[in-house]
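> After the sequence you'll find the predicted model.
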Amino acid sequence: MRVWIRVAMAGALSWGSAGALTLEDCLEAAFEHSPVLAAARARTVAAAAGASEARSAWYPTLTAYSRLETTDHPPGVFMMQLQQRDFSFESDPNRAGRAENLRLGAGVQWRLADGGARHQRLEAARRGRDAARDGLRAAANEVAHQVTRAWYETLKAHGMVEVQEERLVSYREHLRVARERAAAGAAIRTDVLNLEVQAASAEQDLIRARNAVERNVALLNARIGTDLVRPAQVAAAAARPEPTPPDAADLGGDARHHPAVRARAAEAEGARAEARAARRDHAPVLSAFASTDWDSPADTRFEHSVTAGLALTWELFAGGRRMAAQAGAEARSLEQDARRREAEDRVDMDRTQARLDVAEAEQRLAVASRALESAGESARITRDQYAEGAASLADVLTAQAGLAQIRSQRLAAHYDLLTARSRLEHALGVRGQALDRAARPAP
C-alpha cells in the first residue's frame, strides 16, 4: 500500500469530524480492511498452494532414513550379518546370539505412468486456482458496490435531515406569523394550535432522520470493515456539489466476462477434470524406485548396498470404492455446470433489472426536478397570501407538505440513480475495478 494512502486513511481516522471523506477514500479503506476480501485473498493463496501440490506429483520423492535395531531372533540375526557382510559358515545359525544393526539410507520413488490421472488432477487444481482468482475479483466487485450503495444511502439520509430541518424552520416561521395574526385578531386560535402540532410533527421527523444518518454510517463502516466514517464527515461530504450521474451509454461490458460467471466456469472445468481423473484411476501405475543403504554393527564400519527397480501395480478390486468415487465426481461435475448456467442467468437478470432501475430513477429525477421549482414558488406565494390574510391555513399546510414531499422525492431519485448506476456496473462486473488491486492474488 502506498504511503500516501496510509497517511490519508490515518488522517481520516484521527481527524474525526475535520476530514471530508470521499467515496474513493471509503473504497480504499474497504480494500484494506474488508473481511470479505481478506477471506477471498486467503482462498486464492490456498488454491495456488493446491495447484503447487498437484504439480509436485510429477516429481520424484526423495527420502532419507535411519534405523537402529537389535534382535536375538535367528533369522533376524542372520539377515543383519548378511547386510553387514559379516556372516560365517562356521557359526551356528540356531545359536547366533544377539545382533544389532545401524542402517543409514536414502531412497527415491518416481511415478512414471498412471493413465493420466495426475494430469487431470493438476488441471483440476489449476482451474480451482483460476476460480479463486475470479472469485476474488467477484468479491471486489461486490464489496465496491455495497460500499458505494451504503455511501449514497448515507448521503441521502443526510439530505433528508436537511429537508426536515427546512420543513421545521418553515413551520416555525408560519407559527410566528399565525401568532402575530391571532394577536391582531386576523386569525383564529386553531390556526396557531394546528401549526404547533405540525411543528412538533416535523421535529419528530427530524429526530428520526438524524437517527437514520447514524444507522447508515454504522452500516457503511460495517461494509468498509473499520470505523472510518463519522457523521460530521458525512455532513462535509454532502456539502460538496452533488456528482452528476453518467449517461447509460457510457457503460459497456459483457456478461460472459463477469468475474462471478468466470469463477463458476472455472469450477465447472475443474469438476470435469476431477471426473476424468476418477475414471483414469482404474489404470495401472508404473513406478521406478531406488535406494542406497549403509549397515553397521557398531557405528564403526559401514557396508554399502544399492537396490533399484520398476514396480507395476494394478488395483483390480476395491469393494466398489473407485466406482463410487467416479460416480460422485461426475455428479459434482454436473452440479458445477448447472451452477455456472445459474450464475449466467442471474447476471443477465441483474443486468436487466439494473438497467430498468437506472431508467426509472432517471425519469423520477427529471419529473421531480421539474416539479421542485413549481412547488417552491407555490409555497412562497401561499405563505405571502396567508400573511396578508388572502389564503387559509389549509392552503399553507398543503403547499408546505407538497414542497417537502417534492424535495424528498428529488433527493431520493438523485441518490437512487447513483445507486442504480453502481448496481449496473456491478451487474456488468466492472464495479470491482475501483478495487483493482484487491483482485490481484496475494504473493
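Cool, the structure landed.
> what are the ranges of the strands in this protein?
With DSSP state E as the criterion, the chain has strands at 61-71, 99-113, 285-296, 303-313.
> quick one: which of those is nearest Arg240?
strand 61-71 (63.7 Å; Cβ to Cβ). Placement of C-beta: from N, CA and C, glycine included.
> quick one on the thing from earlier: adding distance to Glu342, write the strands of the chain out as CSV.
Below are the strands of the chain laid out as CSV (distance: least, Cβ to Cβ, whole Å):
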stretch, distance to Glu342
strand 61-71, 41
strand 99-113, 38
strand 285-296, 38
strand 303-313, 42
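> Can you tell me the closest non-neighbouring residue to Ala420?
Asp357 (4.0 Å; Cβ to Cβ, 6 or more residues apart in numbering).
> Hmm, Arg421 and the one you found touching each other?
No - Asp357 is not in contact with Arg421 according to Cβ atoms under 8 Å; the separation is 9.1 Å.
> Neighbour count: these two, which is higher?
Counted by other Cβ atoms under 10 Å, Asp357 and Arg421 do not tie: Arg421 has more neighbours, with 25 against 18.
> Not counting sequence-adjacent ones, nearest residue to Asn221?
Spatial nearest neighbour of Asn221, excluding adjacent residues (Cβ to Cβ, 6+ apart): Asp227 at 5.0 Å.
> contacting residues for Trp151?
Trp151 is in contact with 23, 26, 220, counting by Cβ atoms under 8 Å, 6 or more residues apart in numbering.
> ok, back up a step: got the phi/psi numbers for the residue nearest to Asn221?
phi -80, psi 80 (degrees, to the nearest 10).
> Please apply the same query to Ala390.
According to degrees, to the nearest 10, Ala390 has phi -100, psi 0.
> mind listing the helices for the stretch 201-350 of the chain?
231-239, 259-280, 321-387 (DSSP state H, counting those that start in this stretch).
> Serialize those to TSV and add fields for distance to Ser291.
Shown next, in TSV, are the helices of the stretch 201-350 of the chain (distance: least, Cβ to Cβ, whole Å):
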stretch	distance to Ser291
helix 231-239	70
helix 259-280	29
helix 321-387	30
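> okay, these, which one's buried deepest?
helix 259-280 (a mean of 22; mean count of other Cβ atoms under 10 Å).
> now for it, which elements pack on it?
In terms of contacts (3 or more Cβ pairs under 8 Å, 6 or more residues apart in numbering; DSSP states H and E), helix 259-280 is packed against helix 117-183, helix 321-387.
> Could you dump those into a markdown table and include distance to Thr398 and mean pLDDT?
Below are these laid out as a markdown table (distance: least, Cβ to Cβ, whole Å; pLDDT from 0 to 100):
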| stretch | distance to Thr398 | mean pLDDT |
| --- | --- | --- |
| helix 117-183 | 12 | 90 |
| helix 321-387 | 8 | 88 |
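> For Val213, find the nearest of those.
Across the helices and strands packed on helix 259-280, Val213 has its closest neighbour in helix 117-183 (4.6 Å, Cβ to Cβ).
> Quick one: distance of the closest one to the chain centre.
Its chain's C-alpha centre and that of helix 117-183 lie 16 Å apart, by Cα atoms, centre = their mean, to the nearest Å.
> Also compute the angle for that helix relative to helix 321-387, please.
Here helix 117-183 runs at an angle of 20 degrees relative to helix 321-387 (axes from the mean of the first three to the mean of the last three Cα atoms, to 10 degrees).
> list the buried ones in stretch 283-297?
285-287, 291, 293-297 (16 or more other Cβ atoms under 10 Å).
> rewinding a little: any chance of the helices and strands packed on helix 259-280 in JSON lines, plus distance to Ser305?
Output for the helices and strands packed on helix 259-280, formatted as JSON lines (distance: least, Cβ to Cβ, whole Å):
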{"stretch": "helix 117-183", "distance to Ser305": "31"}
{"stretch": "helix 321-387", "distance to Ser305": "37"}
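> out of the ones you listed, nearest to Thr61?
Of all the helices and strands packed on helix 259-280, it is helix 117-183 that lies closest to Thr61, at 13.1 Å by Cβ to Cβ.
> and of the helices and strands packed on helix 259-280, who's closest to Pro259?
helix 117-183 (3.7 Å).
> and that closest one with strand 285-296, angle?
Counting by the same axes, to 10 degrees, helix 117-183 lies at 110 degrees to strand 285-296.
> pretty sure Leu136 contacts Leu37?
Yes - with contacts counted by Cβ under 8 Å, Leu136 reaches Leu37, the gap being 7.4 Å.
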